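> Generate a structure from the sequence data that follows.
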Amino acid sequence: MFKHRALRNFQEQSNPMMEISRSFTFLILLCFSAFLAFQCKVDANTSVSYDGRALLINGQRRVLISGSIHYPRSTPEMWPDLIAKSKDGGIDVIETYVFWNGHEPQPRKYYFEGRFDLVRFLKTVQQAGLYAHLRIGPYACAEWNYGGFPVWMHAIPGIQFRTDNGPFKNEMQNFTTKIVELMKEEKLFAWQGGPIILTQIENEYGNVEKPYGEKGKAYLQWAAKMALSLNTGLPWVMCQQKEAPDPIINTCNGYYCDSFKPNSRKKPKMWTENWAGWFESFGSSTPHRPTEDVAFAVARFYQRGGTFQNYYMYHGGTNFGRTTGGPFISTSYDYDAPIDEYGNIRQPKWGHLKELHKAIKQSEPALIKGGVNTTSLGKYLETTVYSKGSSLCAAFLSNKGRKDAATVQFNGNSYHLPAWSVSILPDCKNVAFNTAKVSVQTSVLGMEQVSTESLHPGAASSGDTGNFSTNWSWHKDDVGIWGQDHFSAQGLLEQLYTVLDKSDFLWYTISVNIDENEPFLKNGSQLILQVGTRGDVLHVFANGNFVGTQSGNYSNSSFTFEKPITLKAGENQIALLSVTVGLANYGAFFDTLTSGINGPVKLLGLKNGPLDLTNQKWDYQIGVKGENLQLYSDAGAKRVEWISGADPPKQAALIWYKTEFNAPEGNDTVALDLSTLSKGQAWVNGNHIGRYFLTAKAPADGCSEVCDYRGPYEATKCLTNCGQPTQKWYHVPRSWLQPTKNVLVLLEEVGGDPTGITLGTRHVDTVCAHVYQDYPTVNSLTLPELRLQCSSGQHISSISFASFGNPSGYCGNFIKGSYDAVSSTSLVEKACVGRETCSISLSEDVFGSHFAEHVTKSLAVEAVCKY
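As a prediction, the model looks like this:
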């Protein structure tokens with residue numbers, strides 16, 4: 001986005017490069033002003049309906065671009081900036097689920113505060129001048145704990161989820177009605193002057209409906225009738241639901257929806273989830289969906305008659321607290337979205353899609369009014385023209401080939417189409433955008449460690465920026481039974497039903513008597529403890545001593561623990577701490593999936609053979625003591641004795657750590673590097689930043705340095721972060737920090753080194769771009785332009801690479817080609833160094849070099865940003 005102070009940098013009248021830049025900037029601003037003027041405006045009595053082409057707002061068809069932001073995955077203080085960046089990126093609609101378990105944590109006791117202030121979120125959307133799509137569900141999936149269902153429902157007698165079941169339908173109707181009535185009370189529906197133009201009932205039920213049989217079909221019909229009876233005055237949608245009853249619109253979810261068709265010609269073609277990336281699970285690599293492929297999918301959708309498309313996610317955010325599902329979904333829900341987990345713009349994805357949105361909006365009059373004609377231009381090649389009379393015409397030229405570029409003839413002109421790309425011609429003549437030609441910059445965001453002196457002013461600094469604190473306090477939690485509310489049962493209890501998600505933890509403890517004549521006590525051998533569990537994690541203790549740990553993974557949470565255990569003659573206490581890492585959120589009957597220890601539990605190596613403990617009497621305790629005492633809060637921390645010092649215990653299991661730190665200066669987003677810990681949970685000033693799991697590492701292979709965007713995407717393509725912990729940085733929202741004396745509390749379950757953690761601030765380190773002379777421009781009479789921009793308050797301090805000619809490579813690894821203008825570096829330095837923003841025209845006259853006609857000239861630049 002150009003800024004006024006940046007424009008003042010281009011006043012050098014004697015520099016022809018700057019003259020071209022200034023003219024182009026003016027054209028961009030004019031175009032963008034028109035683009036913003038066409039964005040939504042909601043007035044009282046706004047009507048929303050649909051026909052077979054599009055949604056109709058006040059009777060006018062609209063082409064709409066939407067982006068998902070889930071309000072609990074960020075903080076209220078972040079919402080205005082996230083929504084503003086979405087609008088700046090060309091988004092018309094903000095889409096969100098409604099998170100039932102966050103709003104009804106106990107039956108008929110509702111919560112709409114803090115991160116769960118749904119009304120405030122929607123009013124923030126309204127204040128920004130955008131529409132909203134409210135996906136009430138109330139099943140969400142969303143990699144959210146238990147799919148968004150309150151776990152207390154699991155204990156309702158006779159209940160069966162998502163089927164023709166009275167107790168479930170009663171709860172679902174009660175909550176859905178609660179949300180609809182709240183929206184009406186706050187005047188948030190469009191016909192009341194509010195931002196909401198769409199509502200959704202259920203979610204992807206068509207993917208799992210078959211196992212439910214006839215009761216599933218009956219439930220689907222009931223859900224539709226129930227929703228319609230609430231009189232929202234707006235269209236309802238059901239995603240991934242081919243049999244959605246009229247008048248409910250069935251919509252598509254997936255990486256590609258260009259071939260999707262609604263179940264009636266009277267309904268518009270809508271895409272409620274275009275997966276901009278994919279989620280992470282602890283123990284997995286990090287997915288990356290190439291920008292070019294996302295743009296290709298979107299352009300193909302609008303080419304093939306779509307008029308509403310939503311990015312899932314546009315901002316993914318953070319799974320704070322214990323909100324992750326899965327199990328094993330990571331705390332980060334970054335999703336490789338255009339706005340990253342922390343709220344920073346991800347380039348080039350955000351910028352390239354913004355340019356795409358402009359081209360689509362320029363084509364909107366033809367898309368909603370024109371007749372449609374699609375013609376094959378050869379294998380994998382296709383053109384679609386929307387036209388009406390001589391005044392309206394827009395065209396899409398596509399190449400679905402996965403390898404080869406092509407040159408096509410259209411309307412008497414030649415057009416070059418890279419493989420797996422779409423060109424958009426809003427006037428059926430000039431190419432305004434091609435999905436494979438990324439002209440916007442790549443921004444490399446890094447984490448800069450905050451020094452010890454900054455975190456603790458006045459403290460003696462050793463010069464080690466990794467020393468987060470010089471003063472720690474610690475408290476060892478109790479192993480096994482710790483409270484008066486423990487209970488006993490014969491055999492092994494199922495964890496989900498027993499705990500009902502009050503905690504991740506359930507203690508299974510048992511007393512075992514060992515005969516003093518057992519041979520292992522004398523010959524130096526050890527017994528083997530064997531424990532079968534449905535997961536997710538198991539920590540084992542014997543007589544208060546840590547024996548070992550083991551975990552499942554996202555694909556299979558079940559496993560068998562089998563390790564040596566040290567026992568003595570006489571009575572021994574075996575304590576098994578079973579730990580969940582989020583509850584299942586997807587699949588038919590996912591609510592019935594079990595967790596916890598299911599056996600067998602055996603001691604192997606005794607003289608009389610294995611001792612089976614499975615069906616014996618066990619003692620149980622829900623949670624760990626420090627969690628019950630809320631040691632992460634100011635009041636709770638005072639309930640126990642803490643030991644303090646500069647050298648806290650390391651590699652100790654089931655231990656609490658506490659320290660203080662000052663907030664880093666500035667406004668950059670903040671995160672904790674917890675890579676020297678193992679597994680546990682973390683709080684800052686009593687705010688639960690989430691679970692950490694550093695021992696869960698991604699496979700060592702499967703990643704590649706270069707990702708080919710061509711061809712269909714799937715989550716295993718273009719992986720990164722192989723061989724590393726899935727997540728080492730944990731977001732700490734700025735609004736949770738105070739200037740001084742911030743309290744960090746850690747519950748370490750397995751053993752780690754808290755003195756090795758660091759605090760970092762996230763900002764742009766490097767910007768780079770590679771632009772070709774044949775790239776589309778807003779005005780066909782102007783030359784393409786390379787533009788760079790650092791974060792607000794930063795400036796370009798140096799140029800790491802610059803070449804005008806035929807350079808190759810990618811950001812961080814550019815290489816000069818056989819043609820290279822000798823003036824490249826000096827001209828780029830003159831235009832950019834010392835400035836927050838700069839732009840350079842791709843003109844041979846500017847660079848004083850003329851190359852052979854057959855050479856497609858390009859400019860590649862890499863620059864360093866500093867404060």
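
> what mean pLDDT does stretch 255-269 have?
Averaged across stretch 255-269, pLDDT comes to 98.

> measure the closest residue to residue 146 other than its chain neighbours to residue 148 for me?
Ranked by Cβ to Cβ, 6 or more residues apart in numbering and with sequence neighbours excluded, the top spatial neighbour of residue 146 is residue 583, at 4.4 Å. C-beta: built from backbone N, CA, C; applies to glycine. Here the criterion is Cβ to Cβ, to the nearest Å. By it, residue 583 lies 11 Å from residue 148.

> neighbour count winner among the two?
Comparing residue 583 with residue 148 by neighbour count (other Cβ atoms under 10 Å), the higher total belongs to residue 583, at 27 against 23.

> Tell me what that one is bridged to.
Beta-bridge pairing for residue 583 (DSSP bridges): residue 325.

> do the same with residue 839
For residue 839, the beta-bridge partners are residue 787 (DSSP bridges).

> Check what pLDDT it gets.
pLDDT for residue 839: 95.

> May I have the longest strand along the chain as CSV, with CA atoms only?
In the chain, assigned by DSSP state E, the strand with the most residues is strand 758-772. What follows is strand 758-772 as a C-alpha-only set of coordinates in CSV (Å, rounded to 0.1, in the frame of the first residue of the first chain):
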residue,chain,number,x,y,z
THR,A,758,14.1,-16.5,24.6
LEU,A,759,11.7,-13.7,23.7
GLY,A,760,11.6,-12.4,20.2
THR,A,761,10.0,-9.6,18.2
ARG,A,762,8.7,-10.4,14.7
HIS,A,763,9.3,-8.0,11.9
VAL,A,764,10.5,-7.8,8.2
ASP,A,765,14.2,-8.6,7.8
THR,A,766,14.4,-8.8,4.0
VAL,A,767,12.3,-7.8,1.1
CYS,A,768,12.9,-8.9,-2.5
ALA,A,769,11.1,-9.1,-5.8
HIS,A,770,11.6,-10.4,-9.3
VAL,A,771,9.6,-8.6,-12.0
TYR,A,772,9.6,-9.3,-15.8
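
> What pairs with that strand, parallel or antiparallel?
For strand 758-772, the paired strands and their directions (DSSP bridges) read strand 442-449 (antiparallel), strand 669-673 (antiparallel), strand 858-866 (antiparallel).

> Could you pull up the residues touching residue 502?
Residue 502 makes contact with 622, 623 under the criterion Cβ atoms under 8 Å, 6 or more residues apart in numbering.

> separation between it and residue 477?
Using Cβ to Cβ, residue 502 is found at 17 Å from residue 477.

> Likewise for residue 323?
Taking Cβ to Cβ, one finds residue 323 at 23 Å from residue 477.

> neighbour-wise, which of these two wins?
residue 323 (27 against 19).

> wouldn't the more buried one be in contact with residue 144 here?
Yes - in this structure, residue 323 is within contact of residue 144 by Cβ atoms under 8 Å, at 6.1 Å.

> Tell me, how many residues neighbour the residue nearest to residue 701 when sequence neighbours are not counted?
Take residue 701 and drop its neighbours on the chain: the residue closest to it by Cβ to Cβ, 6+ apart is residue 722, 6.2 Å away. By other Cβ under 10 Å, 16 other residues sit near residue 722.

> ok, and residue 722, which helix or strand is that part of?
Remark: residue 722 resides in no helix or strand, with elements defined by DSSP states H and E.

> Contacts only, for residue 805.
816, 817, 818, 819, 820, 821, 824, 849, 851, 855, 857, 858.

> per-residue pLDDT, the nearest residue to the second one once chain neighbours are set aside?
Read that as residue 817. With sequence-adjacent residues excluded and distances taken as Cβ to Cβ, 6+ apart, residue 817 is closest to residue 806, at 3.6 Å. Note on residue 806: pLDDT of 94.

> Residue 533 against residue 561, yeah?
Yes - between residue 533 and residue 561 there is a contact under Cβ under 8 Å: 6.8 Å.

> Comparing those two, which shows the higher neighbour count?
Between residue 533 and residue 561, residue 533 has the larger neighbour count (other Cβ under 10 Å), namely 27 against 20.

> Identify the bridge partners of that one.
In beta-bridge terms (that is, DSSP bridges), residue 533 pairs with residue 559, residue 597.

> Quick check: the gap between it and residue 526.
Distance from residue 533 to residue 526, by Cβ to Cβ: 21 Å.

> can you pull out the strands in the stretch 251-400 of the chain?
Per DSSP state E, counting those that start in this stretch, the stretch 251-400 of the chain carries strands over the ranges 270-275, 308-315, 325-326, 371-378, 381-388, 392-399.

> Provide the contact partners of the shortest one at residue level.
It refers to strand 325-326. 141-147, 281, 554, 581-586.

> at 6 Å what do you get?
143, 144, 145, 281, 554, 582, 585 (Cβ atoms under 6 Å, 6 or more residues apart in numbering).

> Just the residues you listed: which are in helices?
Counting by DSSP state H, no part of the contacts of strand 325-326 is found in helices.

> Pipe these into CSV and attach pLDDT and distance to residue 445 per row.
Formatted as CSV, the contacts of strand 325-326 follow (pLDDT from 0 to 100; distance: Cβ to Cβ, whole Å):
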residue, pLDDT, distance to residue 445
143, 98, 23
144, 98, 26
145, 98, 29
281, 98, 23
554, 96, 26
582, 98, 27
585, 98, 29
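
> Closest one to residue 507 out of these, please.
residue 582 (19.6 Å; Cβ to Cβ).

> Can you report how many residues lie near the nearest residue to that closest one once chain neighbours are set aside?
What sits nearest to residue 582 in space, not counting adjacent residues and going by Cβ to Cβ, 6+ apart, is residue 324, at 4.0 Å. Residues lying near residue 324 (other Cβ under 10 Å) number 27.

> Residue 324 touches residue 580, doesn't it?
No - if you go by Cβ atoms under 6 Å, residue 324 and residue 580 don't touch, sitting 10.2 Å apart.

> From residue 278, how far out is the residue nearest to residue 582?
15 Å.

> What of residue 585?
In terms of Cβ to Cβ, residue 585 sits 15 Å off from residue 278.

> How about residue 223?
With distances taken as Cβ to Cβ, residue 223 is found 28 Å from residue 278.

> of the two, who's got more company?
Neighbour tally, residue 223 and residue 278, criterion other Cβ under 10 Å: the higher count belongs to residue 223, 27 against 22.

> How about the secondary structure of the closest residue to residue 211 other than its chain neighbours?
Leaving aside its chain neighbours, residue 211 sits nearest to residue 588 (4.1 Å; criterion: Cβ to Cβ, 6+ apart). Following DSSP: H, G, I helix; E, B strand; the rest coil, we place residue 588 in the coil state.

> and residue 588, how many neighbours?
Neighbours of residue 588 (other Cβ under 10 Å): 17.

> re the thing from before, isn't the residue nearest to residue 817 up against residue 821?
No - with contact defined as Cβ under 6 Å, residue 806 and residue 821 do not form a contacting pair (10.6 Å).

> which residues sit in contact with the residue of the chain positioned farthest from its centre?
No residue in the chain sits farther from the centre than residue 517, which is 58.3 Å out by Cα atoms, centre = their mean. Residues near residue 517 by Cβ under 6 Å, 6+ apart: none.

> picking up where we left off before, the more surrounded of residue 806 and residue 821?
residue 821 (21 against 18).

> Many thanks, have a good one.
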